[in-house]
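Engineer: The following comprises the amino acid sequence and a computationally predicted model.
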Amino acid sequence: MPPGLSAPLGCDAVGLPARHGFRTMAHLSRPGCVFADPDWWWWIVPAESDHGLVWPQPARYVPGLYVPATRPRLIHSPEGSSPYTPPIPLYLMACRIADTVPAWSTVPHQGS
């Protein structure tokens, strides 16, 4: 994580193939930290952003601050002090890329 950024909600990562990177960035109003290698772009989202969502292929959801990329480099820093990309707009873009309808789970979150 770049210095000066706070991640109080924990971090997970959502990856999309690099060929969709610029298109996805263009449709997000507040992207957070984005890392990339030649094959994948990775957006940092709050931990458990997969709860209630079925992330469609080709998106990859990875829990923890591990970005499974070969020598990833930071290609976008957020304007504020939060590293997060809002997960719902990113999820909707992933659905658009996958040409699929968003799927919302009805299972209640534990502790709710």
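Structural biologist: Alright, I've got the coordinates.
Engineer: can you give me the helices in the protein?
Structural biologist: Secondary structure of the chain by DSSP state H: the helices cover 21-26, 87-98.
Engineer: how about the longest one: buried residues?
Structural biologist: With burial defined by 16 or more other C-beta atoms under 10 Å, the residues of helix 87-98 counted as buried are 87, 90, 91, 93, 94, 95, 97, 98. Just so you know, the C-beta spots here come from the backbone N, C-alpha and C atoms, and that holds for glycine as well.
Engineer: Please list the outside residues in contact with it.
Structural biologist: Residues from elsewhere that reach helix 87-98 (C-beta atoms under 8 Å, 6 or more residues apart in numbering): 14, 16, 20, 23-24, 27-29, 43, 45-46, 49, 53, 55-59, 101-102.
Engineer: re earlier: nearest to residue 75, of the helices of the chain?
Structural biologist: Of all the helices of the chain, helix 21-26 sits nearest to residue 75, with 8.2 Å by C-beta to C-beta.
Engineer: That closest one packs against which elements?
Structural biologist: Helices and strands touching helix 21-26, by 3 or more C-beta pairs under 8 Å, 6 or more residues apart in numbering; DSSP states H and E, are strand 34-36, strand 40-46, helix 87-98.
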